[in-house]
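S.K.: From the sequence below, what's the structure:
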Amino acid sequence: MIGVLLATLAGSAWARTALRYGVTALAILLFLLALRRSGERAGRLAEQLDTMEKTRDAQRRMLEAAARRPRDRGELVDRLRDGRF
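M.R.: Numbers count the residues shown, from 1 in each chain. Sure, this is the predicted structure:
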């Protein structure tokens, strides 16, 4: 039944033209949706990269601060007396 209907519609020139425009419109729509999705993905990846850079910077600052800390109580006392702390 459906095959007969499709064969009848495909036989007419206006139906073939409408089908051609419909397929073209569908292809363009799918392309735009894929483009939007890839843009959203790129945005998420950029946000993730920014977060990772901020985290790495904070960790680097903490490691630098730990490297400058007094090694023992005596060094802490010396720093406090000299006013360098």
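
S.K.: From here on, just use CA atoms for contacts and neighbour counts.
M.R.: Noted.

S.K.: tell me the helices in this structure, going along the chain?
M.R.: Listed from the start of the chain, the chain has helices (DSSP state H) covering 2-11, 13-67, 73-82.

S.K.: Is it possible to get JSON lines of the ones you listed that adds mean pLDDT?
M.R.: Shown next, in JSON lines, are these (pLDDT from 0 to 100):
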{"stretch": "helix 2-11", "mean pLDDT": "64"}
{"stretch": "helix 13-67", "mean pLDDT": "94"}
{"stretch": "helix 73-82", "mean pLDDT": "90"}
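
S.K.: and those as TSV, adding mean neighbour count?
M.R.: Output for the helices of the chain, formatted as TSV (neighbours: other Cα atoms under 10 Å):
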stretch	mean neighbour count
helix 2-11	11
helix 13-67	12
helix 73-82	12
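
S.K.: Would you mind putting the CA coordinates of stretch 61-70 into CSV?
M.R.: Included here for stretch 61-70 are C-alpha records, laid out as CSV according to Å, rounded to 0.1, in the frame of the first residue of the first chain:
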residue,chain,number,x,y,z
ARG,A,61,51.2,28.8,44.6
MET,A,62,50.7,26.4,47.5
LEU,A,63,53.8,24.5,46.6
GLU,A,64,55.9,27.7,46.4
ALA,A,65,54.5,28.8,49.8
ALA,A,66,55.4,25.4,51.3
ALA,A,67,58.9,25.6,49.9
ARG,A,68,59.4,28.9,51.7
ARG,A,69,58.0,27.8,55.1
PRO,A,70,60.3,27.5,58.2
